[in-house]
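**Student:** only geometry, no sequence info:
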Ligand SMILES: Nc1ncnc2c1ncn2[C@@H]1O[C@H](COP(=O)(O)OP(=O)(O)OP(=O)(O)O)[C@@H](O)[C@H]1O
Ligand SMILES: [Mg+2]
């Protein structure tokens, strides 16, 4: 079982603590994606799994064996970085073969593995070319091919697509999705800033913030049931609207009152909440729609209209004193700057967080 198990993993550079105790169990063959703001420790954690950084505290196992003191070359891992660092004077074939030759693999074994990797990544027509005669996306595929040749048990990627332009990124992302299907036993851990990569590639996403795990789960679970405000704001684009309010309870009914005096009933289990408690109501831009009648959540003037063709983003002055509420509406809408609009949301799509930022569980 080439899973990766992290137990209370800590990292400090001198006095500076970077990771504060990471617990994570990655199953064999699983594709796990690390996301989080810049500087939260994603690359550090990945490099520790690779063996490129020492482990300050905790225990790390790969394939059931503790690897804290095992050198990178003996961990059965391969890593692909943001910058692909190919040897410019070597052909694609030689770039991919290089590590295998160093490891004294036989000529026939080198050839078999290079050709198999080239086949997976559709690089066969380019084997004789030099890197300078390839596009950025093809070069990154060579870097991935070089890693595949080593037949790793665990594949690590640190933002492999971030140097590519938008179209190449999409094409190479699809290539990586295919790679995952062709190497079902290989465990993959992937760092990205890109929401779409995280949502589409991951079996599970790990959201990190300032050296701690905020939430781990399948992409749609994080999207639908973020356990705290940090994850709620981090997953989804544009970010979830967060509006401060207070709880008002009467019998079974729970409502949230806003600063403008309006209140909205929420179908959320708030047995712990008392009238007057400060809360945050969350609603995703894509869960808002223009209200037809009196049943609406917010009313306010539109400060900005962004018509993107496929969708229109409206920024609406929210219930007094809060940030504008963003609404993401399909297609184009006949709304102009300074129009007053009413926005409606299905109550089932509302999120509610307590004063500490923890989510109240929804009635399912
Ligand atoms: N060699 C080092 N010495 C001291 N501090 C370091 C060192 N390497 C990283 N750090 C610090 O550790 C923290 C985590 O860095 P890391 O590179 O893991 O972040 P990241 O999540 O990968 O960020 P990004 O998204 O920008 O790549 C940062 O505050 C960084 O400044
Ligand atoms: Mg990084």
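**Tutor:** That came through, no problem. The structure displayed is predicted, hence computed values, not measured ones. Ligands and ions are numbered 1, 2, ... in the order given.

**Student:** contacts and neighbour counts: CA atoms only from here.
**Tutor:** OK.

**Student:** check the gap between residue 236 and residue 284 for me.
**Tutor:** Separation of residue 236 from residue 284 (Cα to Cα, to the nearest Å): 8 Å.

**Student:** between those two, who's got more neighbours?
**Tutor:** Neighbour count, other Cα atoms under 10 Å: between residue 236 and residue 284, residue 284 has more, with 25 against 18.

**Student:** surely residue 199 meets residue 219?
**Tutor:** Yes - contact criterion Cα atoms under 8 Å: residue 199 and residue 219 qualify, at 5.3 Å.

**Student:** common neighbours of those two, please.
**Tutor:** Both residue 199 and residue 219 are contacted by residue 205, under the criterion Cα atoms under 8 Å, 6 or more residues apart in numbering.

**Student:** now do the helices in the stretch 101-250 of the chain.
**Tutor:** 107-120, 136-149, 166-182, 195-201, 219-224, 229-234 (DSSP state H, counting those that start in this stretch).

**Student:** next, the buried residues of the first one.
**Tutor:** By 16 or more other Cα atoms under 10 Å, the buried positions in helix 107-120 come out as 110, 111, 113, 114, 115, 116, 117, 118, 120.

**Student:** show me what contacts the residue of the stretch 51-200 of the chain with the smallest separation from ligand 1?
**Tutor:** For the stretch 51-200 of the chain and ligand 1, the shortest gap (Cα to the nearest ligand atom) falls at residue 193, measuring 6.8 Å. Going by Cα under 8 Å, 6+ apart, residue 193 touches 35, 36, 37, 159.

**Student:** those in strands, which ones?
**Tutor:** Judged by DSSP state E, the contacts of residue 193 include residue 35 as members of strands.

**Student:** which of the contacts of residue 193 are buried?
**Tutor:** By 16+ other Cα under 10 Å, the contacts of residue 193 give 35, 36, 159 as buried.

**Student:** what's the closest non-adjacent residue to the first one?
**Tutor:** Spatial nearest neighbour of residue 35, chain neighbours left out: residue 207 (5.1 Å); criterion: Cα to Cα, 6 or more residues apart in numbering.

**Student:** same question, the second one
**Tutor:** In space, not counting the residues next to it along the chain, residue 36 is nearest to residue 208; the distance is 4.8 Å by Cα to Cα, 6+ apart.

**Student:** distance to residue 52 added to the buried ones among the contacts of residue 193, as CSV?
**Tutor:** Output for the buried ones among the contacts of residue 193, formatted as CSV (distance: Cα to Cα, whole Å):
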residue, distance to residue 52
35, 20
36, 21
159, 17
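
**Student:** how near is the residue of the stretch 51-200 of the chain closest to ligand 1 to residue 158?
**Tutor:** Here the criterion is Cα to Cα. By it, residue 193 lies 10 Å from residue 158.

**Student:** try residue 301
**Tutor:** Residue 301 is 43 Å from residue 158, by Cα to Cα.

**Student:** one more: residue 138?
**Tutor:** Going from residue 138 to residue 158 by Cα to Cα gives 17 Å.

**Student:** residue 84 too?
**Tutor:** According to Cα to Cα, residue 84 and residue 158 sit 11 Å apart.

**Student:** neighbour count: those two, which is higher?
**Tutor:** Neighbours were counted for residue 84 and for residue 158 using other Cα under 10 Å; residue 158 has more, 22 against 17.

**Student:** so who does that one touch?
**Tutor:** Residue 158 touches 43, 46, 79, 80, 81, 82, 190, 191, 192, counting by Cα under 8 Å, 6+ apart.

**Student:** are any of those buried, and which?
**Tutor:** Among the contacts of residue 158, those classed as buried by 16+ other Cα under 10 Å are 43, 46, 79, 80, 81, 82, 190, 191, 192.

**Student:** which one of the residues you listed is nearest residue 336?
**Tutor:** Nearest to residue 336 among these, counting by Cα to Cα, is residue 192 at 36.2 Å.

**Student:** low-confidence bits of the stretch 201-350 of the chain, can you list those?
**Tutor:** Scanning the stretch 201-350 of the chain with the threshold set as pLDDT under 70 gives 269-271, 320-321.

**Student:** and the strands in it?
**Tutor:** With DSSP state E, counting those that start in this stretch, the ranges of strands along the stretch 201-350 of the chain come out as 204-209, 212-217, 241-250, 253-257, 263-265, 278-283, 288-290, 298-307, 311-316, 325-330, 340-345.

**Student:** note down every partner strand of the third one and its orientation.
**Tutor:** Each strand pairing with strand 241-250, determined using DSSP bridges, is listed with its direction: strand 253-257 (antiparallel), strand 278-283 (antiparallel).

**Student:** all the strands of the stretch 1-150 of the chain, residue numbers only.
**Tutor:** Using DSSP E, counting those that start in this stretch, strands in the stretch 1-150 of the chain cover 4-13, 16-26, 31-35, 57-62, 65-66, 77-80.

**Student:** what pairs with the third one, parallel or antiparallel?
**Tutor:** In other words, strand 31-35. Under the criterion DSSP bridges, strand 31-35 sits next to strand 187-191 (parallel), strand 204-209 (parallel) in its sheet.

**Student:** tell me the contacts of the closest residue to residue 265 other than its chain neighbours?
**Tutor:** Excluding its sequence neighbours, the residue lying closest to residue 265 (Cα to Cα, 6+ apart) is residue 255, at 4.1 Å. Shown in contact with residue 255 (Cα under 8 Å, 6+ apart): 247, 248, 249, 263, 264, 265, 266.
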